[in-house]
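S.K.: Generate coordinates for the sequence data below:
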Amino acid sequence: MDIRKICLLCLFSLFILSASHAQEEKKDSIMQNNKGVLITLTDEIATTVRHTGRKIRKVGKEFNAIDTTFISPNRFNLAFMLEHSSWYEYYRLGSKGDDGEQSLSFSPNASFKLGVYFGWRWIFLGYSFDVKDIFGGHKNKAKKTEMALNLYSSKFGVDLYYRKTGSDFKIRSSSGFDLSNPVRHLNFDGFQSKIKGLNAYWIFNYKRFSYPAAYSQSTNQRKSAGSLMAGFSYSQHNISFDYDKLPGEIRNQLQDALLFKKVKYSDYSINVGYGYNWVFAKNWVSNLSLLPAIAYKKSKIDDTPNTDSHWIKDINFDLITRAAVVYNTSKYFIGASLVMHTYDYRKKDFSLTNTFGTLRVYAGFNFWKKREYRE
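M.R.: As a prediction, this is how the structure comes out:
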């Protein structure tokens, strides 16, 4: 072989080897750069998560800031509670005509429930069942449904609720009718209602006045204190009324305003009120709060003679009432609470008053101490 060919072959081989080596170095450099970028991104994500966590904890502390002279903080993460609750519902339909005023009042028998609940700081979740279901008391009757989520922090509170009545209403009273015998406590399955709503309110004197002490047993009120409160409420009501199932004497005398099948209205209200926690003995506190509301109602009445089915807008007044008494040693607690909602709807010739509430009697204990309170 010619010496020149050998030299050219050697130079070509060296060129190939050097190019291959350069390519490998480039790949290694890219891999190292990618690894560096990946590590940087991982660090940024971890930093963001830690920063977000710190912000959430900071906001949580701000929402639960208290004056420890008046309120003892919650020292536990979790709670267990057994509860007995009873429902109360009342509806009054009224009308005004040329021949005077008429009214009918309806309410079912009180229903009783047993429940088991677990709580985490602000929130209680659990399951309850009607006592009559055990003994078949609701056989062949539409069952009632109630769902509620209550959140009580130092600064604000939120109530979410949904209620559906059964078909076990009774006519409790009547007026404005010429009857041979008074109608009282007569079974009436022609009335049903559905209600869903939201209440949100702000507590101004939150560092000294504790709603959680009275309604979620997560803090202890040590000195009596009160607070001005303000909030917003929204609720939607669907009421069905079958007047054909009324006793004949009443049905034949009904004024036109009461000859309807359905009422549907939405309620938007702004409420301002006051609440007070009274510490009357060691570890004991009682609460009473009233929140009157100015409400804007948008309603629709169907199947009314001489009236087109259309939306009616008006302003009325509502009321939210809360009362409670609690004995709480921080570890163990027992108490009772009452929450009542009253909605009042009035027009020139028609009125509807709807009141519903729940009475709860409960006992339980807190457990799993927070890290800062462990020995």
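
S.K.: Assign Arg184 to one of the three secondary structure states.
M.R.: Of the three states, Arg184 takes coil under DSSP: H, G, I helix; E, B strand; the rest coil.

S.K.: who's in contact with it?
M.R.: With contacts defined as CB atoms under 8 Å, 6 or more residues apart in numbering, Arg184 is in contact with 171-173. C-betas here are computed from N, CA, C, even on glycine.

S.K.: Pick the one among the residues you listed closest to Gly231.
M.R.: Comparing the contacts of Arg184 against Gly231 with CB to CB places Arg172 closest, at 31.4 Å.

S.K.: Look up the pLDDT of that closest one for me, please.
M.R.: On the pLDDT scale, Arg172 is placed at 92.

S.K.: what's the answer for Leu198, then?
M.R.: pLDDT, Leu198: 91.

S.K.: my read is it is in a strand, agree?
M.R.: Yes: assessed with three-state DSSP, Leu198 lies in a strand.

S.K.: Only whichever of the contacts of Arg184 are buried, select them in ChimeraX.
M.R.: The buried residues among the contacts of Arg184 can be selected in ChimeraX (16 or more other CB atoms under 10 Å) with this line:
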select :171,172
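
S.K.: Could you dump the contacts of Arg184 into TSV with distance to Asn220 and secondary structure added?
M.R.: Listed next are the contacts of Arg184 as TSV, based on distance: CB to CB, whole Å; DSSP: H, G, I helix; E, B strand; the rest coil:
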residue	distance to Asn220	secondary structure
Ile171	46	strand
Arg172	41	strand
Ser173	44	strand
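
S.K.: Turn the contacts of Arg184 into TSV, including distance to Lys164.
M.R.: Below are the contacts of Arg184 laid out as TSV (distance: CB to CB, whole Å):
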residue	distance to Lys164
Ile171	20
Arg172	20
Ser173	24
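
S.K.: ok, of the contacts of Arg184, which one's closest to Trp284?
M.R.: Looking across the contacts of Arg184 and measuring by CB to CB, the closest to Trp284 is Arg172, at 35.7 Å.

S.K.: For the residue lying closest to that closest one once chain neighbours are set aside, pull up the helix or strand it's in.
M.R.: Take Arg172 and drop its neighbours on the chain: the residue closest to it by CB to CB, 6 or more residues apart in numbering is Ser105, 4.5 Å away. Using DSSP states H and E, the element containing Ser105 is strand 100-108.

S.K.: Quickly run through the sheet partners of that strand, with directions.
M.R.: As defined by DSSP bridges, the strand partners of strand 100-108 come to strand 76-97 (antiparallel), strand 169-175 (antiparallel).

S.K.: Could you check how far the residue nearest to Arg172 is from Thr219?
M.R.: Ser105 is 40 Å from Thr219, where distance means CB to CB, to the nearest Å.

S.K.: And Thr48, by the same measure?
M.R.: For Thr48, the distance to Thr219 equals 32 Å [CB to CB].

S.K.: out of these two, which sits in the busier spot?
M.R.: Thr219 (23 against 10; other CB atoms under 10 Å).

S.K.: Now for that one: which residues touch it?
M.R.: With CB under 8 Å, 6+ apart, Thr219 has these contacts: 66, 71-74, 154, 210, 212-213.

S.K.: Kindly report the same for Glu83.
M.R.: Going by CB under 8 Å, 6+ apart, the list of residues near Glu83 reads 113-117, 126, 128, 360-362.

S.K.: before we move on, what about Asp314?
M.R.: Counted by CB under 8 Å, 6+ apart, Asp314 has contacts 296-297, 299, 345-347.

S.K.: Can you add neighbour count and give these back as JSON lines?
M.R.: Listed next are these as JSON lines, based on neighbours: other CB atoms under 10 Å:
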{"residue": "Tyr296", "neighbour count": "13"}
{"residue": "Lys297", "neighbour count": "23"}
{"residue": "Ser299", "neighbour count": "19"}
{"residue": "Tyr345", "neighbour count": "21"}
{"residue": "Arg346", "neighbour count": "15"}
{"residue": "Lys347", "neighbour count": "16"}
